[in-house]
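*Asks:* this one's structure only:
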């Protein structure tokens, strides 16, 4: 059953940036948007097994560091080749200055 | 270093070496990366429109000016320097524009990347759909035999073919044959391997559009009884491709195959400013392969960040050829030979072997 899991203090992630979060045998990408909102997706690109946390966040998009494919971090939608398969997203929130994701 | 058996390689993407690469963990492997602080890398990855708008405006202006000169002075020797410059601007600079815009890093604004990508794809006679996927594979499995569709220097080397590449005819012929096949609805086994099936129809449509423009150019040349349409469209891919070949061949030739450390299979070369502008800084090739999301205009800064961990770059294009030519010739006798450059004392050791990502 999914439960809210604390990731890190919100200030550990710069605005418009991402970190890798490994939990219970799975890897996630956790984002902090420019306005402070938190988002979370699967951590690996759907094209090849590359950690998105090494990529670049531009507005509401994350660019994969290997092939420059892009996803919308809010919806997981694949936006630019070579990614074709959408990314799974996870609920995220900021509570008491910490980012939590529901996984 | 993983060494392929001492026999002729199978560079197809569906052959013996493909299976060997997969079995040895060389396909989609974890590659070596120099440690760069996140804040520094984030700053280097930032996209800007300004540099590419400036460079593209200059590129189009020079194309227009040199095309005008070539046509205006047609029939006299005065047209030669104009066609020489036009040829290089069209038939060589297109490669770096195709490359950077294909990565989506040249401009911050994506439609600008896409627009220039399609123009440059046409100029360089590459199917814009299939080559996008081909290049993605080149970055996943750089110079992995049986996996990388963009290996220019195969072993044993075909020296005649490499020399002929400078004349542009061979490359043009190979590219046109590929486009014609695509336009007829055919994809090679290799293309089917690296292009998702959902993209096949787009690749065929793109080839048909390109071939339609070439057919129109040919019709215009015949109708007007003039070489000028062919000098302007398509022809520069032959007579102006030499700079693209000159810079492209030293990216990887003579270096290692089947390794997972770009410092072993890619070459950074210091170049003159004109070649760097035409090439959009792809002379920083180790840096580009290690961090492909860094735009061309930030590669000199990335080089400064990484150089403590990289082999000393070649000092010039000439210096790179002095290294690559003997190595390629030696590979005719010794298939496993590759240049292995010493690392500076500040560098981490080369990554030996492979692990699947």
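*Replies:* Great, that's in hand. Computed from a predicted model, the values in this text were never measured in an experiment.

*Asks:* residues making contact with the helix or strand of chain B with the lowest mean pLDDT?
*Replies:* Between all helices and strands in chain B, the lowest mean by mean pLDDT, DSSP states H and E belongs to helix B:159-167, at a mean of 84. With contacts defined as CB atoms under 8 Å, 6 or more residues apart in numbering or on different chains, helix B:159-167 is touched by B:152-153, B:170-171, B:238, B:241-242, B:245-246, B:249, B:328-329, B:332. C-beta coordinates here come from the backbone N, C-alpha and C atoms, glycine included.

*Asks:* So for the residue nearest the centre of chain B, what pLDDT did the model give?
*Replies:* For chain B, the residue nearest the mean C-alpha position is residue B:248 (5.9 Å; CA atoms, centre = their mean). You'll see residue B:248 listed with a pLDDT of 96.

*Asks:* picking up where we left off before, quick check: next helix or strand after the least confident helix or strand of chain B?
*Replies:* Moving toward the C-terminus from helix B:159-167, the next helix or strand (DSSP states H and E) is helix B:169-183.

*Asks:* Show me what that next one packs onto, helices and strands only.
*Replies:* helix B:159-167, helix B:200-223, helix B:236-239 (3 or more CB pairs under 8 Å, 6 or more residues apart in numbering or on different chains; DSSP states H and E).

*Asks:* Pick the most buried one from those.
*Replies:* helix B:236-239 (a mean of 23; mean count of other CB atoms under 10 Å in any protein chain shown).

*Asks:* circling back: quick one: the contacts of helix B:159-167 as CSV, columns for secondary structure and distance to residue B:60 too.
*Replies:* Compiled in CSV, the contacts of helix B:159-167 are given as follows (DSSP: H, G, I helix; E, B strand; the rest coil; distance: CB to CB, whole Å):
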residue, secondary structure, distance to residue B:60
B:152, coil, 28
B:153, coil, 33
B:170, helix, 28
B:171, helix, 24
B:238, helix, 21
B:241, coil, 19
B:242, helix, 22
B:245, helix, 23
B:246, helix, 23
B:249, helix, 27
B:328, helix, 36
B:329, helix, 40
B:332, coil, 43
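
*Asks:* So what's the residue count around the residue of the stretch 51-200 of chain B found nearest chain A?
*Replies:* Of all residues in the stretch 51-200 of chain B, residue B:136 sits closest to chain A, at 4.4 Å by CB to the nearest CB. Other residues within reach of residue B:136, judged by other CB atoms under 10 Å in any protein chain shown, total 24.

*Asks:* Against residue A:39, how distant is the residue nearest to residue B:41 when sequence neighbours are not counted?
*Replies:* Leaving aside its sequence neighbours, residue B:41 sits nearest to residue B:291 (CB to CB, 6 or more residues apart in numbering or on different chains; 7.1 Å). Per CB to CB, to the nearest Å, residue B:291 is found 24 Å from residue A:39.

*Asks:* what do you get for residue B:16?
*Replies:* For residue B:16, the distance to residue A:39 - CB to CB - is 45 Å.

*Asks:* before we move on, the earlier item: most neighbours, which of the contacts of helix B:159-167?
*Replies:* residue B:241 (28 neighbours).

*Asks:* residues in contact with that one?
*Replies:* Shown in contact with residue B:241 (CB under 8 Å, 6+ apart): B:87, B:91, B:92, B:165, B:166, B:168, B:171, B:172.

*Asks:* For the closest residue in space to it that isn't next to it in sequence, what are phi and psi?
*Replies:* Excluding the flanking residues, the one nearest residue B:241 by CB to CB, 6+ apart is residue B:168, at 3.8 Å. Backbone torsions for residue B:168, taken as degrees, to the nearest 10, come to phi 80, psi -20.

*Asks:* Show me which pair in the contacts of residue B:241 is furthest apart.
*Replies:* B:87 and B:165 (15.2 Å; CB to CB).
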